[in-house]
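J.: Structure for the following, please:
(2 chains)
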Amino acid sequence: MATTLFRLSEECLKLLSGGDIQAAKNISYNELKISICQVLNQLLKIEHLSVNEKMQEKIPNGTVIGTYNGLPVTSAGTGKSKASLPIKPIKLPRNMGVWAVYRTNHSDDEFIPMQMGQQAMSKSQPLLNDLFGQISYENKGMELRFNKDLTLLYPNETISCELAVMDMSLYGDYDPIPILPEMEWQIKQEVVKLYGMEGIADLLVDSSNAQQQNIPVPQQKQTS
Amino acid sequence: MVLTTIDSITRRGLLENSLPIHWYFEYLTHTCTWLRELNIDTLQIVNTVNLPVGSYGEVDFPMDFVDEVGLMIPINGSLKPLPKKESISPLRLLNSDGGFVPYTDLQDRNGQTGFIYNWQWFWNINDYGEGTGRAFGSNGGSEMGYKKVKERRQFQLSQGYVDSGIVLMYISDGQSVDAASQIDVQAINCARAWQDWKSDPLQSSNDYSPKGRSYYNRKNNLRSRLNDMDLIDVRQIIYKNYSAAPKT
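T.: Down below sits the predicted model:
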């Protein structure tokens, strides 16, 4: 069964709370979910560089891909256009973090990615400068810059981006998240290590609770 | 005839090497370079175009022109080749407005030395205009000709060409969409070897590297594949050069 963001954060919080999750705590679920995504993105990058690349595999299999549909394109100068990325993807060789860009609903007709500066350099090459009519893009910061004006070529159409990133905004608390099962343990370990320095919240002892009697104060638990 | 395209060869290279689309531009660049090099001596993609002849007998080179197979006059479905004529001047005459104008016939003829051509016909006819024979020294060939003027990126035809167009068969540098979409399928393996060689940073500049040798082997294979000499042609050459004669 695939795990969820909430389940992972609950598991982490339970460890951080020393057993039972207290009603009052220094660490929130939302904080933990953000950290889980951060750790996961780091693990995905390490996975690609230390496993795939060593095996001469260039396609980052197993990477979490966030798909964003309906992104608007705006005209940018003569015969050019641009679009904004919804989130910065992880940095992979050849900018593979931007995994695919295409017109919405045309996923088998991908635009051609080019490295920064190649669009300008290829202008002097007769056969390369138009890429046989195909559309290319360069990724600069949070922008995609296209070699053609898509607003004229495909008026009223939007684009879709597939980005190699674990973006928590795409998943609800109980949505299955597409991570590798062997990474779950690593995520928990890293997150718990990260928050391990945080102290447990002040104890609120209900002296009337029979469970707390005859138990040293540091070991008493919050009453729920 | 089945032909393939640069785009198809490029994508095939990515598929065979398990590479994503992010390597497309690099492979496309290598494949275009391969096409340019192979066009010069192996593939020799020959394009045929009908070009306009300008007011002073000039014909502009096509954009992807490398070398001409021939400049020809279209006559009834066949092409009559024009010979090269090195005596044609590459210099152009200008009129008072700065426009180019043709040389006049008079100036052209003044440069001739020796006998004026056709002189013999005036001597070898009788009073009725009938030929009397003895017309020696007449030869074939054409008075017309052309010269390739590289610095002007033009052909210059000899004066007196009357048609408004002329047919050029030329070898393309392969850097046109026509050339890039008309690649023989026998050449795919050769292109793939070039891609693999040039995309390997440790071997790309060494002709004697394993991948370099592999490319040249594939190129040799390609040349033999493209050679259209077959047994029928060999027999025909032999048959045509022997004649039977009755023994007396």
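
J.: Residue numbers of chain A in contact with chain B?
T.: Taking CB under 8 Å from any CB of the partner chain as the measure of proximity, chain A contacts chain B at A:57-59, A:94-96, A:99-100, A:110, A:112-115, A:118, A:122, A:125-128, A:131-132, A:134, A:136. Where C-beta positions appear, they are placed from N, C-alpha and C, glycine not excepted.

J.: quick check: longest strand of chain B.
T.: Determined from DSSP state E, the single longest strand within chain B is strand B:65-75.

J.: Tell me the strands beside that strand, with direction?
T.: Sheet pairing for strand B:65-75, assigned by DSSP bridges, gives strand B:78-81 (antiparallel), strand B:165-172 (antiparallel).

J.: Spell out which residues sit in contact with residue 104, please.
T.: No chain was given, so I picked chain A. The contact partners of A:T104, by CB atoms under 8 Å, 6 or more residues apart in numbering or on different chains, come to A:69-70, A:157-160.

J.: meant chain B actually
T.: B:T104 neighbours (CB under 8 Å, 6+ apart): B:Q159.

J.: Distance check, A:S50 against A:P72.
T.: From A:S50 across to A:P72, the span is 38 Å (CB to CB, to the nearest Å).

J.: did I read that right, A:P113 in a strand?
T.: Yes. Remark: A:P113 belongs to a strand, assigned using DSSP: H, G, I helix; E, B strand; the rest coil.

J.: so it touches A:N95, yeah?
T.: Yes. Between A:P113 and A:N95 there is a contact under CB atoms under 8 Å: 6.4 Å.

J.: Can I get the contacts of A:T104 in CSV including neighbour count and secondary structure?
T.: Supplementary listing: those in CSV, determined by neighbours: other CB atoms under 10 Å in any protein chain shown; DSSP: H, G, I helix; E, B strand; the rest coil:
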residue, neighbour count, secondary structure
A:N69, 12, strand
A:G70, 9, strand
A:E157, 15, coil
A:T158, 16, coil
A:I159, 24, strand
A:S160, 17, strand
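
J.: quick check, nearest of those to A:T4?
T.: Within those, the smallest distance to A:T4 is 22.7 Å, found for A:N69 (CB to CB).

J.: picking that back up, quick one, which of A:P113 and A:N95 is more surrounded?
T.: A:P113 (24 against 17; other CB atoms under 10 Å in any protein chain shown).

J.: contacting residues for the residue nearest to the more buried one when sequence neighbours are not counted?
T.: Distance criterion CB to CB, 6 or more residues apart in numbering or on different chains; nearest residue to A:P113, sequence neighbours excluded, is B:H22 at 5.1 Å. Counting by CB under 8 Å, 6+ apart, B:H22 touches A:94-96, A:113.

J.: Over to B:H22: give its phi and psi.
T.: phi -70, psi -10 (degrees, to the nearest 10).

J.: cool, B:D178 as well?
T.: Dihedral pair for B:D178: phi -60, psi -50, per degrees, to the nearest 10.

J.: and if you look at the one 10 residues further on?
T.: Comment: the main-chain dihedrals of B:I188 come out as phi -60, psi -50, following degrees, to the nearest 10.

J.: looking at chain B, which helix or strand is least sure?
T.: The least trusted helix or strand in chain B, going by mean pLDDT, DSSP states H and E, turns out to be helix B:105-110, with a mean of 49.

J.: Dump the helix or strand where B:I237 lies to PDB, keeping only the CA atoms.
T.: Take DSSP states H and E as the rule and B:I237 turns out to sit in helix B:231-240. What follows is helix B:231-240, C-alpha atoms only, in PDB (Å, rounded to 0.1, in the frame of the first residue of the first chain):
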ATOM      1  CA  LEU B 231      26.500  -7.700 -62.900                       C
ATOM      2  CA  ILE B 232      24.200  -6.400 -65.600                       C
ATOM      3  CA  ASP B 233      26.200  -3.200 -66.000                       C
ATOM      4  CA  VAL B 234      29.500  -5.100 -66.200                       C
ATOM      5  CA  ARG B 235      28.000  -7.500 -68.900                       C
ATOM      6  CA  GLN B 236      26.700  -4.500 -70.800                       C
ATOM      7  CA  ILE B 237      30.100  -2.800 -70.900                       C
ATOM      8  CA  ILE B 238      31.700  -6.000 -72.200                       C
ATOM      9  CA  TYR B 239      28.900  -6.600 -74.800                       C
ATOM     10  CA  LYS B 240      29.100  -3.000 -76.000                       C
END
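
J.: List phi and psi for residue 44.
T.: No chain in the question, so chain A it is. Main-chain torsions, A:L44, degrees, to the nearest 10: phi -60, psi -40.

J.: So A:K123 belongs to a helix, correct?
T.: Yes. The assignment for A:K123 by three-state DSSP puts it in a helix.

J.: Report pLDDT for it.
T.: Looking at A:K123, its pLDDT is 90.

J.: Give me the below-cutoff pLDDT ranges for chain A.
T.: Across chain A, the ranges flagged by pLDDT under 70 are A:1, A:199-208, A:211-212, A:217-218, A:220-224.

J.: swap that for chain B, sorry
T.: The model of chain B has pLDDT under 70 over residues B:105-123, B:135-140, B:248.

J.: and the end-to-end length of stretch A:128-142?
T.: Length of stretch A:128-142, first residue to last, CA to CA, to the nearest Å: 26 Å.

J.: Now it: buried residues?
T.: The neighbour-count criterion (16 or more other CB atoms under 10 Å in any protein chain shown) identifies A:128, A:131, A:135-139 as the buried residues of stretch A:128-142.

J.: want to try JSON lines for these, with distance to B:Y216 and secondary structure as columns?
T.: Output for these, formatted as JSON lines (distance: CB to CB, whole Å; DSSP: H, G, I helix; E, B strand; the rest coil):
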{"residue": "A:L128", "distance to B:Y216": "25", "secondary structure": "coil"}
{"residue": "A:L131", "distance to B:Y216": "29", "secondary structure": "helix"}
{"residue": "A:I135", "distance to B:Y216": "36", "secondary structure": "coil"}
{"residue": "A:S136", "distance to B:Y216": "32", "secondary structure": "strand"}
{"residue": "A:Y137", "distance to B:Y216": "37", "secondary structure": "strand"}
{"residue": "A:E138", "distance to B:Y216": "36", "secondary structure": "strand"}
{"residue": "A:N139", "distance to B:Y216": "38", "secondary structure": "strand"}
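
J.: Tell me the one among the residues you listed nearest to chain B.
T.: Distance ranking of those against chain B, using CB to the nearest CB, places A:L128 first at 6.0 Å.

J.: and the spatially closest residue to that closest one that is not a sequence neighbour, what does it touch?
T.: Closest residue to A:L128 apart from its sequence neighbours, by CB to CB, 6+ apart: A:S122 at 4.6 Å. Contacts for A:S122 (CB under 8 Å, 6+ apart) come out as A:114, A:128-129, B:25.
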